[in-house]
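[1] give me a model of this one.
(2 chains)
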Amino acid sequence: MLLIPCPYCGDRAQTEFTYRGDATVERPVAEDSAEKWYDYVYTRDNPRGEHTEWWHHTSGCRRWFKIRRNTWTHEILGSESAISDQLKG
Amino acid sequence: MNSHRHPVGGTIDREHPITFRFDGKAYSAFDGDTLASALLANGVRIVGRSFKYHRPRGIFGMGVEEPSSMVQLRSGPRSEPNVRATEVEVFDGLEAFSQHCWPSVNLDFGAVINFASPIFPSGFYYKTFMWPASKWMFYEHFIRKAAGLGKSATERDPDTYSKFYQHCDVLIVGAGPTGLSAALSAGQAGAKVVLVEETGQTGGRLNFDDEAVDGKPAQEWVYDTTQKLNLMSNVEVLCRTTAFGFYDQNLLGALERIADHRREPYGREDRQRLRMIRAKQVVVATGAIERSIPFSGNDKPGVMLASAARGYARRFAVRCGKKAVVFTNNDSAYATVSALKSVGVMVEAVIDCRLASPGEDALRHLGNTPLKQGFAISGVRGMRRVKSVEVSRFQDNGEVMGSPETLTCDLVCVSGGWTPTIHLFSHAQGKLMFDEEIGAFVPGEQLGSIEVAGSANGSMSLGACLQQGSDAGSKRSMDSGHKSELQTKIPQVDDSPVTPMQLLWQVPKTRRNSAKRFVDIQNDVTVEDIELAFAEGYVSVEHLKRYTTLGMGTDQGRTSNINGLANLARLRRSDIPSVGHTTFRPPYTPVSMGALAGGEFGTHLSPLRRTPLHEWHESNRAQMLNSGVWKRPFFYIKTGEQVRDAIIRETRQVREKVGIVDVSTLGKIEVQGRDAAEFLERVYINRWKSLPIGRCRYGLMLREDGFVFDDGTTTRVAENEYYMTTTTANAGPVLEHLEFYAQTVWPELHVHLTSVSDQWAGMALAGPDSRNVLGVLIGETEASNENLPYMGFLATRIDGVAVRIFRVSFSGELGYEIHIPSKFAQKVWQAVLEAGREWDIAPYGMEAMTVMRIEKGHVVSAELDGRTTATDLGFERMMKKDVDFVGKRLAERDALVSVGRKQLVGVVSLSGRPIPKGAQIVADREARPPATTTGHVTSSCYSPLMDKEIGLALIVDGRQIYGKELYAASPLTGRTVPVEVTHHIFVDPEGERTRG
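    Below is the predicted model of the structure:
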């Protein structure tokens, strides 16, 4: 069980959170091509190593935020609120 | 007095004799004994039978490493199989049974396999029973019967278990000299320390090694240190607690055996507790385990680890034999000589394979016992237990030569060196390296916040253990933010130099003695089995393990793994590091299912939810139904009624008069903020900006992939305030979905989402007389069609309680939903019943509600199954063409709008028989699976209104085939019912009743 650093509440047990997946994909605008939309909904990389992902503090502050995590070692490298550009280490 | 117990000595409590039973026979022991020491004290030598050959097996070790003496502990519902006798603390009245033998451990019919063992080489089962494949099921039945060890209890476990989450600065695993020393320095530095110890007492090897600390017996230092730790408020010492696994970010799983050392738990005490400990820093001080040496006959009862024989003598004053021979390749086993002598065991000789003289300390322990240097035991005589050993000269090239000498003895104490216990470090992904000096794997690096210290780190001397423990304790407490003011004093010990061990992985067979040489005595894996596996191409350790079962089983090869690897390396003509080791995986020792489940079983497996009206339902003859996590009224039965009668009565009540139903389980979300309308436009398929204040609208949400997610009504309560309802099951997921879009996709929108599901109770008042009832409650003008039209909203008061009234209908009748602050729910519910008395109002349950929604063609989760689109369900005209919303783009893709998709339709039974739920729609009455189906039935019921069996179904291009006759086939129930395809709204398709 991971210890998740919620940017609002601090370190909390993984059981309080919901995982969503890749946080680097951006929702296309309506005018974008079908391919772009298809990629947004279905296509995801499955990297071995660093991965920026969405987590939701479901049983806590109910904020969505980003975590940079190593999928190979499970090391958590940093977390950041949803609207920040930079991930703090 | 026990026959094999010395009159004095040991740390057992001779004031407290106790009685226990083994295989039905009563024996005596003392408080402080383990089951193994108690059996040995009573002269019981054969305790179990081996896994494959059913060979007689005695007690081999004295702790967690024990491979052979496994017993069935206790009887009845608390009975537990495969328990190591060496780890069981004896209590008065204990019952244990030998296992894996029939009719008894001394006369085991299964032992015929032993005589036939030449035809049972490794891989025997794979090779013999693989053909013909169809017969495997037949063979398996008998193989399973012959295999296996104890039996699990079949009755319900009477004990309770719990889970405990804990945080600390420094977690120390193992309370031997290293762990105690670490805990002392970390504790003195002020760190929050947890020290876990798997046995019932602190001290580790100091409990049975004759060593001195600060000039006093080591046991005194153990006692003093433990006392000091117990007095520190920042230190918690947990005995009978095994740290069994290391998980991410220093989370350790530990099993605390609270009551296993007693007959049963006291009162309401838990039997075991699962502790999940999150530590800033971890010190692994798990020590080392002695290993055996493979030589002919090394599995016979009477052969045991030197450390175990020493331990039984020192700690329990037990004589494991009358006359002993010690066989070693290192200095540590010499201490066994003095220990054995101290309880009156004669030591015939020490056989040391080394030519070099042992160290000074070893010689002190040896005393005047004969020492044979450069010799090895090449064979053991005796059928059921050791009678004598053959000793041969051992050469540098690993061969034995000359004519062997016979030494009479009934106890062989063997030491092949010590293997550090590095399981936890390996669980933490730590890399290992092979240490030639001790012939074992040790940590090859230190991980950031985990430190392996003492014998577990390959440092075997007591001085090194105390020093490393203390250093690790201060360093780790400092790393967790606690600096020690005072320098911890390391106690003085007298470590004299030891002579290096000689790696010895097997003693060759001789012509006179060619009995099996066991590597793994639990799984009956011999040196020859490894040779055979190698010859057949199993050259990788992982393959070797699986082919021969080496290192599997309940002991996981703690005394045998290295010997196995080393023999494989010998055959491969390579070194041990390049052969590598198998992967260590948690748990270190078995963890009971009860402890893993904790309190989460039965009705506590998931939370149970009751609506604010629950008590009323229960006291008014409601039959309650489990609906997801909720308890909801199914129907309310009257005296003399059958279930079917009650349901029909309730639907008629609503269709003809008026009824109320509890809808408190609906999800409710407040959507607020100046961009709330814009937000709703983006998450629903239909329009929201045009919705006036005080009006409700039905809304449908898609997932981004274009399929329907959820539906519900949303009301504009004020300019920037909307009150959304969701389906019961999706209350949580919808909020999470909305929060994701609000927070991450459109953070620029000013919108705030709050779940108010628990704050509001809800009830639906429905039926032709519902307006009259409402009129009594809030006044006729207020309740009039003009003031509260269809899809209208009113915030008002009933009996002084502020309520929200929505004119929406799920049943298809004129109806209202009244939402009430939860704690006033019952008051308002009763007020409504009171007001409706004149019109014979009655409550109705889930089933009547379901019947009416099917008649009305409303969709629920059976239809919103994640595979249906808005078009499939007939909502295509609701979809906005001009603006973007979640799921719009993918809902427009070809596959989702093309012909050939299943569409929502109604089905009516033509035979009058019920339509099976989940039935497949087929064109041919005689169709049998596998058959082409064109759809399936999603919901069905008897419609009292139409007096017909009806249902909803998803059928390919269903809206084009109204009137067509098809068949609803249910292979599950064996029923096929002819049905007619109809429109999905059976009652009042124009909505005149609801709008009236």
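
[2] nearest residue to residue B:579 other than its sequence neighbours?
    Excluding the flanking residues, the one nearest residue B:579 by Cβ to Cβ, 6 or more residues apart in numbering or on different chains is residue B:569, at 4.4 Å. To be clear about C-beta, it is placed using only N, CA and C from the backbone, and glycine gets the same treatment.

[3] in the helix or strand that neighbour falls within, which residues are buried?
    Using DSSP states H and E, residue B:569 sits in helix B:561-572. Within helix B:561-572, the residues scored as buried using 16 or more other Cβ atoms under 10 Å in any protein chain shown are B:561, B:562, B:563, B:564, B:565, B:566, B:567, B:568, B:569, B:570, B:571.

[4] again with stretch B:699-719
    Buried residues in stretch B:699-719, counting neighbours by 16+ other Cβ under 10 Å, are found at B:699-717.

[5] which stretches in chain A count as strands?
    Ranges of strands within chain A are A:3-6, A:10-13, A:18-22, A:50-56, A:64-70, A:76-81, based on DSSP state E.

[6] can you add mean pLDDT and give these back as TSV?
    Formatted as TSV, the strands of chain A follow (pLDDT from 0 to 100):
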stretch	mean pLDDT
strand A:3-6	94
strand A:10-13	93
strand A:18-22	95
strand A:50-56	96
strand A:64-70	96
strand A:76-81	91
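
[7] okay, the ones you listed, which one's buried deepest?
    Each of the strands of chain A was scored by mean neighbour count; the highest is strand A:64-70, a mean of 21, by mean count of other Cβ atoms under 10 Å in any protein chain shown.

[8] paired strands for that strand, with orientation please.
    With DSSP bridges as the test, strand A:64-70 is paired with strand A:50-56 (antiparallel), strand A:76-81 (antiparallel).

[9] what angle do the longest one and strand A:18-22 make?
    Yep, that's strand A:50-56 we're talking about. With axes from the mean of the first three to the mean of the last three Cα atoms, to 10 degrees defining the directions, strand A:50-56 sits at 140 degrees from strand A:18-22.

[10] dump the residue contacts of the closest residue to chain B within chain A.
    Chain A approaches chain B most closely through residue A:30 (3.9 Å), counting by Cβ to the nearest Cβ. Counting by Cβ atoms under 8 Å, 6 or more residues apart in numbering or on different chains, residue A:30 touches B:883, B:884, B:888, B:889.

[11] mark which of the residues you listed are buried, thanks.
    Buried members of those, scored by 16+ other Cβ under 10 Å, are B:888, B:889.

[12] reformat the contacts of residue A:30 as JSON lines; add distance to chain A, pLDDT and secondary structure.
    Compiled in JSON lines, the contacts of residue A:30 are given as follows (distance: Cβ to the nearest Cβ, whole Å; pLDDT from 0 to 100; DSSP: H, G, I helix; E, B strand; the rest coil):
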{"residue": "B:883", "distance to chain A": "8", "pLDDT": "92", "secondary structure": "coil"}
{"residue": "B:884", "distance to chain A": "4", "pLDDT": "94", "secondary structure": "coil"}
{"residue": "B:888", "distance to chain A": "7", "pLDDT": "96", "secondary structure": "helix"}
{"residue": "B:889", "distance to chain A": "5", "pLDDT": "95", "secondary structure": "helix"}
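
[13] right, and out of the contacts of residue A:30, which lies closest to residue B:586?
    Comparing the contacts of residue A:30 against residue B:586 with Cβ to Cβ places residue B:889 closest, at 45.6 Å.

[14] so what's that closest one closest to, chain neighbours aside?
    residue A:37 (4.7 Å).

[15] so who does the one you found touch?
    Contact analysis of residue A:37 by Cβ under 8 Å, 6+ apart lists A:28, B:889, B:890.

[16] quick check, the residue nearest to residue B:579 in contact with residue B:576.
    Yes. In this structure, residue B:569 is within contact of residue B:576 by Cβ atoms under 8 Å, at 4.7 Å.

[17] who touches both of those two?
    Counting by Cβ under 8 Å, 6+ apart, residue B:569 and residue B:576 have no contacts in common.

[18] picking up where we left off before, show me the buried residues of stretch B:699-719 that map onto strands.
    Counting by DSSP E, the buried residues of stretch B:699-719 place B:699-702, B:708-717 in strands.

[19] ranges for the helices of the stretch 351-500 of chain B?
    Secondary structure of the stretch 351-500 of chain B (DSSP state H, counting those that start in this stretch): helices at B:360-366, B:423-427, B:462-479.

[20] cool, the stretch 651-800 of chain B as well?
    In the stretch 651-800 of chain B, the helices defined using DSSP H, counting those that start in this stretch lie at B:676-683, B:731-740, B:770-778, B:780-783.

[21] could I get those helices as JSON lines with distance to residue B:944, mean pLDDT and mean neighbour count?
    Shown next, in JSON lines, are these (distance: least, Cβ to Cβ, whole Å; pLDDT from 0 to 100; neighbours: other Cβ atoms under 10 Å in any protein chain shown):
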{"stretch": "helix B:676-683", "distance to residue B:944": "38", "mean pLDDT": "98", "mean neighbour count": "21"}
{"stretch": "helix B:731-740", "distance to residue B:944": "31", "mean pLDDT": "97", "mean neighbour count": "19"}
{"stretch": "helix B:770-778", "distance to residue B:944": "19", "mean pLDDT": "97", "mean neighbour count": "22"}
{"stretch": "helix B:780-783", "distance to residue B:944": "28", "mean pLDDT": "95", "mean neighbour count": "14"}
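
[22] which stretch among those helices comes nearest chain A?
    Closest to chain A of these is helix B:731-740 (Cβ to the nearest Cβ; 5.5 Å).

[23] got a pLDDT number for residue B:139?
    Per-residue confidence (pLDDT) for residue B:139: 59.

[24] what's near enough to touch residue 71?
    Because you didn't say which chain, this covers chain A. Residue A:71 is in contact with A:47, A:48, A:49, A:50, A:51, counting by Cβ under 8 Å, 6+ apart.

[25] chain B is the one I meant
    By Cβ under 8 Å, 6+ apart, residue B:71 lies in contact with B:22, B:35, B:47, B:48, B:83, B:85, B:88, B:96, B:97, B:98, B:99, B:150.

[26] just confirm it is within a strand.
    Yes. Looking at residue B:71 with DSSP: H, G, I helix; E, B strand; the rest coil, it is inside a strand.

[27] ok, what's across the strand from it?
    Beta-bridge pairing for residue B:71 (DSSP bridges): residue B:83, residue B:98.

[28] grab the nearest non-local neighbour of residue B:615.
    Excluding the flanking residues, the one nearest residue B:615 by Cβ to Cβ, 6+ apart is residue B:826, at 7.2 Å.

[29] no wait, residue B:848
    The shortest distance from residue B:848 to any non-neighbouring residue, by Cβ to Cβ, 6+ apart, is to residue B:650 (3.6 Å).

[30] pretty sure the one you found sits in a strand.
    No. Checked against three-state DSSP, residue B:650 lies outside a strand; its state is helix.

[31] quick check: it touching residue B:637?
    No. If you go by Cβ under 8 Å, residue B:650 and residue B:637 don't touch, sitting 10.0 Å apart.

[32] of these two, who's got more company?
    Comparing residue B:650 with residue B:637 by other Cβ atoms under 10 Å in any protein chain shown, the one with more neighbours is residue B:650, at 25 against 18.

[33] before we move on, back to that, looking at the strands of chain A, which is nearest to residue B:92?
    strand A:10-13 (41.7 Å).

[34] show me where pLDDT drops low in chain B?
    B:1, B:101-148, B:485-486 (pLDDT under 70).

[35] mind redoing it with 50?
    Within chain B, no stretch has pLDDT under 50.

[36] contacting residues around residue 73?
    No chain in the question, so chain A it is. Applying Cβ under 8 Å, 6+ apart, one finds that residue A:73 lies in contact with residue B:429.

[37] looking at chain B here, not the other one
    With Cβ under 8 Å, 6+ apart, residue B:73 has these contacts: B:35, B:79, B:80, B:83, B:88, B:94, B:95, B:96.

[38] nearest to chain A among those?
    For the contacts of residue B:73, the nearest to chain A is residue B:80 (27.4 Å; Cβ to the nearest Cβ).

[39] thanks a lot, see you next time.
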